[in-house]
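> attaching a predicted model along with its sequence, questions to come.
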Amino acid sequence: MWLFFYPHLLFPRLFFILRPCFPSKAAANVKGFLIPRNIFSKKNYFFSFRFHITSSIQKPNFALYFATITKKHNLMKKHNFNAGPAVLPASVLEKAAQAVQDINGIGLSLLEISHRSPEFSAIMDKTVQLVRDLMHVDEGYEVLFLTGGASSQFFMVPLNLLGPDEKACYIDSGAWSSKAIKETGRYGKLEVIASSKPDGYTHIPKNYSIPTDAKYLHFTSNNTIYGTQFHAFPETAVPLVADMSSDIMSRPVDVRPFGLIYAGAQKNIGPAGTTLVIVRKDMLGTFERDIPSMLDYRNHASNNSLYNTAPVFPIFVSMLTLQWIQDLGGLEAMEQRNRAKQELLYREIDSNPLFKGRCVPEDRSWMNVTFEVTRPELEGDFLKACKDAGIEGIKGHRSAGGFRASLYNALPQESVQVLVDVMRHFSAINQ
């Protein structure tokens, strides 16, 4: 006989069922055994339960059944255009979820293993090697995975590379390069040789001279907020330093002109929590400065990025993502994939009278497409239309307004087509 209790009147997501349990001999020695079961699914809710057997063969006990009622996830396909943290490949998410339960079958979660364990040492070594293989980074460079985000590199770069009497040149092409400029003057001489700020950062600065006595030239290769990108890098004998946070691994890059490349992981490499730094060895230790140990690239390099506790999970997911890129054909394949996506979206922006781009065409970003509606009163309606179609993260940055579609590596072209279809339909009903 079943006895039903209804605490869902007080706790709507939980109810209990209690019945006598007469165990068989086979179950006589089973104690504390949890058995999950799905009962049924109806409309927008899942019903599931598990029961706990505490028994002996001498007498029946009671088995407490507890069932949870949870609302189904929205089964509509989501199209993730977030600017970062951003979309990750589905296969990467599946493997990462499995590793959180048990990494390599050792009986421990990835989140539980030591950063100095053989398992994580192998993960770190493979992640570094994947960076070297994908970007053709030779042994003249250190490949580091650090913490603090790309924003910490705004001060770590001059702290490590710029002596107090040396000069660094910067190109100001957006909010992030502006923040990097702000930090640099603390450690040496600074010269901003070009800026597109007077034009609202709608283009990449051009027609500038690069002083030959500069220690390095810093620029931001892709501007996430305003949607511009360097499609050709400055040509100079001065070592280049680049913040590639939002277009790293999206296209082939010749690293040889670079003294240092840095990038937050949360766009094309993995989740937030680690930062890739590729630094030429001969750029380090060229002047005397008392650098705090945690901020000295040399300490991290000599310890294989394990000078302190490394961000184990972000590095592991980065390894999976880099492997995904390699399996698809490397950076050449990513470039082809990204070319097709940006051409599809920009073609619609340019041909649809209800929309317009925000940047000069020759400097448009392949990663972050920024645009506006030509009738501002329809902005809210367009956002709703996107939401109804499962499109997430399309609203522009709070400092720029409008719309921004981030087309990172893992975003499928199918999602871009959905956005284009929404734009066409929205334009048709608002003529």
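That came through, no problem. Numbering: from 1, shown residues only.
> outline the domain layout of this structure.
The chain breaks down by automatic domain parsing into domains covering 3-71, 90-327, 330-429.
> can you say which of the ones you listed is nearest to residue 81?
domain 330-429 (4.4 Å; CB to CB). Any C-beta I mention is one placed from the backbone N, CA and C, and that applies to glycine too.
> pop out the phi and psi values for the residue nearest to residue 228 when sequence neighbours are not counted.
Nearest non-adjacent residue to residue 228, counting by CB to CB, 6 or more residues apart in numbering: residue 363, 4.6 Å away. Backbone torsions of residue 363, given as degrees, to the nearest 10, read phi -110, psi 10.
> and residue 363, what does it touch?
203-204, 228-229, 231 (CB atoms under 8 Å, 6 or more residues apart in numbering).
> element containing the residue nearest to residue 283 when sequence neighbours are not counted?
Spatial nearest neighbour of residue 283, excluding adjacent residues (CB to CB, 6+ apart): residue 259 at 4.6 Å. Using DSSP states H and E, residue 259 falls within strand 258-264.
> after that strand comes which helix or strand?
That would be, after strand 258-264 and using DSSP H and E, strand 275-280.
> show the average pLDDT along that next one.
Per-region confidence: strand 275-280 scores 98 on mean pLDDT.
> who's in contact with the very next helix or strand once past it?
Proceeding N to C from strand 275-280, the next assigned helix or strand is helix 297-302, under DSSP H and E. Contacts with helix 297-302, where a contact means CB under 8 Å, 6+ apart, come from 142, 144, 146, 156, 160, 277, 279, 281, 284-285, 293, 307.
> hang on, residue 372 in a helix?
No. Counting by DSSP: H, G, I helix; E, B strand; the rest coil, residue 372 falls outside a helix, being strand.
> list the contacts for the residue lying closest to it once chain neighbours are set aside?
Leaving aside its sequence neighbours, residue 372 sits nearest to residue 402 (CB to CB, 6+ apart; 4.2 Å). Contacts for residue 402 (CB under 8 Å, 6+ apart) come out as 358, 370-373, 379, 396.
> redo those as CSV? Include pLDDT.
Putting the contacts of residue 402 into CSV (pLDDT from 0 to 100) gives the following:
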residue, pLDDT
358, 96
370, 98
371, 98
372, 97
373, 97
379, 97
396, 95
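> and the gap between residue 204 and residue 424?
Noted for residue 204: a distance of 30 Å to residue 424, by CB to CB, to the nearest Å.
> neighbour count winner among the two?
residue 204 (25 against 13; other CB atoms under 10 Å).
> picking up where we left off before, my guess is the residue nearest to residue 283 meets residue 236, correct?
No. The criterion here is CB atoms under 8 Å, and residue 259 misses it with residue 236 at 11.4 Å.
> quick check: longest helix of this structure.
Assignment by DSSP state H gives helix 330-351 as the longest helix of the chain.
> buried residues, it. List them.
330-331, 334-335, 337-338, 341-342, 345-346, 348-349 (16 or more other CB atoms under 10 Å).
> residues in contact with whatever helix or strand comes next after it?
Going down the chain from helix 330-351, the next helix or strand is strand 355-357, by DSSP H and E. Residues external to strand 355-357 that are found in contact with it (CB under 8 Å, 6+ apart): 346, 348-350, 364, 369-374, 423, 427.
> let's see it at 7 Å
346, 349-350, 364, 371-374, 423 (CB atoms under 7 Å, 6 or more residues apart in numbering).
> JSON lines for those residues, including distance to residue 167?
Formatted as JSON lines, the contacts of strand 355-357 follow (distance: CB to CB, whole Å):
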{"residue": "346", "distance to residue 167": "38"}
{"residue": "349", "distance to residue 167": "41"}
{"residue": "350", "distance to residue 167": "42"}
{"residue": "364", "distance to residue 167": "32"}
{"residue": "371", "distance to residue 167": "38"}
{"residue": "372", "distance to residue 167": "39"}
{"residue": "373", "distance to residue 167": "44"}
{"residue": "374", "distance to residue 167": "45"}
{"residue": "423", "distance to residue 167": "47"}
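> coming back round to it: export only the CA atoms of the longest helix of the chain, formatted as CSV.
Provided in CSV are the C-alpha atoms of helix 330-351 (Å, rounded to 0.1, in the frame of the first residue of the first chain):
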residue,chain,number,x,y,z
GLY,A,330,43.7,24.6,-37.7
LEU,A,331,43.7,28.3,-38.1
GLU,A,332,43.4,28.1,-41.8
ALA,A,333,40.1,26.3,-41.4
MET,A,334,39.0,28.8,-38.7
GLU,A,335,39.7,31.7,-41.1
GLN,A,336,37.6,30.1,-43.9
ARG,A,337,34.8,29.4,-41.4
ASN,A,338,34.9,33.0,-40.0
ARG,A,339,35.1,34.6,-43.4
ALA,A,340,31.8,32.9,-44.5
LYS,A,341,30.0,34.0,-41.3
GLN,A,342,31.0,37.7,-41.5
GLU,A,343,30.3,37.9,-45.2
LEU,A,344,26.8,36.6,-44.6
LEU,A,345,26.0,39.1,-41.9
TYR,A,346,27.6,42.2,-43.4
ARG,A,347,25.9,41.5,-46.7
GLU,A,348,22.6,41.6,-45.0
ILE,A,349,23.5,44.8,-43.0
ASP,A,350,24.5,46.5,-46.2
SER,A,351,21.5,45.5,-48.3
